[in-house]
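K.L.:
I would like the atomic coordinates for the input below:
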Amino acid sequence: MISLASSHVVASPIVGPDAITAGSSPGTSEITNVTTFAERYGPWAFVAGASMGIGAALSHEAAARGCNVVLLARGREALDRTAAEV
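P.N.:
Below is the predicted model:
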């Protein structure tokens, strides 16, 4: 079974590794490009094992950061609970 949960939450900006450039002094850096999670990694998150543990936590985090989330798991009841929460 696949449950779909769509998020309408606006993602907060995050900084990816390519957004940092070397500063003028050793040990300093400057942020040159800040993108949202969904802009950097795409608008969809496919999460296997989404019914509990790390998978459930990742599902919540991806939805909170503005991604549409596809939840995959073996247990239907636990998956339905996670989908309702996300």
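
K.L.:
now do the strands in the protein.
P.N.:
Along the chain, counting by DSSP state E, strands occupy 2-5, 13-14, 20-22, 29-31, 35-36, 44-48, 68-72.

K.L.:
what's the least confident stretch among those strands?
P.N.:
When these are ranked by mean pLDDT, strand 13-14 comes last with a mean of 40.

K.L.:
packing partners for the helix ranked longest in the chain?
P.N.:
As assigned by DSSP state H, the longest helix anywhere in the chain is helix 53-64. In terms of contacts (3 or more Cβ pairs under 8 Å, 6 or more residues apart in numbering; DSSP states H and E), helix 53-64 is packed against strand 44-48, strand 68-72, helix 76-85. Placement of C-beta: from N, CA and C, glycine included.

K.L.:
okay if I get those as a markdown table plus mean neighbour count and distance to Ser59?
P.N.:
Shown next, in a markdown table, are the helices and strands packed on helix 53-64 (neighbours: other Cβ atoms under 10 Å; distance: least, Cβ to Cβ, whole Å):
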| stretch | mean neighbour count | distance to Ser59 |
| --- | --- | --- |
| strand 44-48 | 17 | 5 |
| strand 68-72 | 20 | 5 |
| helix 76-85 | 15 | 6 |
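
K.L.:
okay if I get those as a markdown table plus distance to Ala56?
P.N.:
Below are the helices and strands packed on helix 53-64 laid out as a markdown table (distance: least, Cβ to Cβ, whole Å):
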| stretch | distance to Ala56 |
| --- | --- |
| strand 44-48 | 8 |
| strand 68-72 | 9 |
| helix 76-85 | 5 |
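
K.L.:
closest to Thr35 out of the ones you listed?
P.N.:
Closest approach to Thr35 among those (Cβ to Cβ): strand 44-48, 15.8 Å.
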